[in-house]
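Visitor: turn this into a structure:
(chains A and B)
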Amino acid sequence: GAVVSQHPSRVICKSGTSVKIECRSLDFQATTMFWYRQFPKKSLMLMATSNEGSKATYEQGVEKDKFLINHASLTLSTLTVTSAHPEDSSFYICSARGFGDHTEAFFGQGTRLTVV
Amino acid sequence: DAKTTQPPSMDCAEGRAANLPCNHSTISGNEYVYWYRQIHSQGPQYIIHGLKNNETNEMASLIITEDRKSSTLILPHATLRDTAVYYCIVRPANAGNMLTFGGGTRLMVKP
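Guide: Down below sits the predicted model:
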């Protein structure tokens, strides 16, 4: 299957700082990328959908000014957690899909964010 | 508004077939059934998908009932590495490929 690379896999940051997470599609062009977060023993929750070259669409309850998403190219999307707080500690996962209606989505390996 | 129902957990003996059920009684005609799995602390991995015909690939088989209201994912010879949470997802054809995850089934493969 296609490869989606997410970096970093693990990050610890201090409260009040910002953290950037990258998501790259390595062998296909991703027209759409999705960002999820997952709390321990819970399912994935969609945060936002981003299309290359346009603004991201955020799910209800997700603060767009706190979770900045940039999808500047067909192979790269970034999620920046701004002014991080301990409650932002979570597992963040990106997903990417290529062209066509039924192209399955491929997921990155996830980023474990811990805010101390 | 969950679209799929799965048992929260299942056990399977190593080497035996693992049959994971999923109910999707409100599925509509243009919706596909997708299966993903998530091994601990990793991103979800695509397994298989289908519309109405049974499907098989190198990982698993997908059996969809004739009325499409339920399906079964079959891992023919489960190994310890198949221990994971398995998600059954119903997705409309033109939903931009957004995947909505339910609770999934936590499969424990035991030696």
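Visitor: residues from chain A in reach of chain B?
Guide: Within chain A, the positions near chain B by Cβ under 8 Å from any Cβ of the partner chain are A:1, A:4, A:6, A:32, A:34, A:36, A:43-46, A:49, A:91, A:93-95, A:97, A:101-110, A:112. Using the backbone N, CA and C atoms, a C-beta is placed for each residue, glycine as well.
Visitor: among those, name the ones in helices.
Guide: Counting by DSSP state H, these place none of their members in helices.
Visitor: so which of those residues sit within strands?
Guide: Residues of the residues of chain A next to chain B located in strands (DSSP state E): A:4, A:6, A:32, A:34, A:36, A:45-46, A:49, A:91, A:93-95, A:97, A:106-107, A:112.
Visitor: sort out which of the residues you listed are buried, if you could.
Guide: Neighbour-count burial (16 or more other Cβ atoms under 10 Å in any protein chain shown) applied to these gives A:4, A:6, A:32, A:34, A:36, A:45-46, A:49, A:91, A:93-95, A:97, A:106-107.
Visitor: tell me the pLDDT at residue 73?
Guide: Chain wasn't specified; assuming chain A. Residue A:73 is assigned a pLDDT of 88 by the prediction.
Visitor: wrong one, chain B
Guide: For residue B:73, the pLDDT comes out at 98.
Visitor: how many residues are close by residue 9?
Guide: No chain specified, so I'll use chain A. 14 (other Cβ atoms under 10 Å in any protein chain shown).
Visitor: hm, I was asking about chain B
Guide: 12.
Visitor: then residue B:3?
Guide: Residue B:3: 18 surrounding residues under other Cβ under 10 Å.
Visitor: got a list of what the closest residue to it other than its chain neighbours touches?
Guide: Leaving aside its sequence neighbours, residue B:3 sits nearest to residue B:90 (Cβ to Cβ, 6 or more residues apart in numbering or on different chains; 4.7 Å). Counting by Cβ atoms under 8 Å, 6 or more residues apart in numbering or on different chains, residue B:90 makes contact with B:3-4, B:24, B:27, B:31-34.
Visitor: quick one: contacts of the one helix or strand residue B:62 maps to?
Guide: Per DSSP states H and E: residue B:62 is located in strand B:61-64. For strand B:61-64, contacts defined as Cβ under 8 Å, 6+ apart pick out B:33, B:35, B:48-56, B:70-74, B:76.
Visitor: near chain A, which residues of chain B show up?
Guide: So far as Cβ under 8 Å from any Cβ goes, chain B lies against chain A at B:32, B:34, B:36, B:38, B:41-46, B:49, B:87, B:93-94, B:96-104.
Visitor: make it 10 Å
Guide: Contact residues, chain B versus chain A (Cβ under 10 Å from any Cβ of the partner chain): B:30, B:32, B:34, B:36, B:38, B:41-49, B:51, B:85, B:87, B:89, B:91-104, B:106.
Visitor: give me the residue from chain A nearest chain B.
Guide: For chain A and chain B, the shortest gap (Cβ to the nearest Cβ) falls at residue A:107, measuring 3.6 Å.
Visitor: run through the bridge partners of that residue.
Guide: Residue A:107 has these beta-bridge partners by DSSP bridges: residue A:95.
Visitor: report the central residue of chain A.
Guide: Taking Cα atoms, centre = their mean, the centroid of chain A lies closest to residue A:35, which sits 3.6 Å from it.
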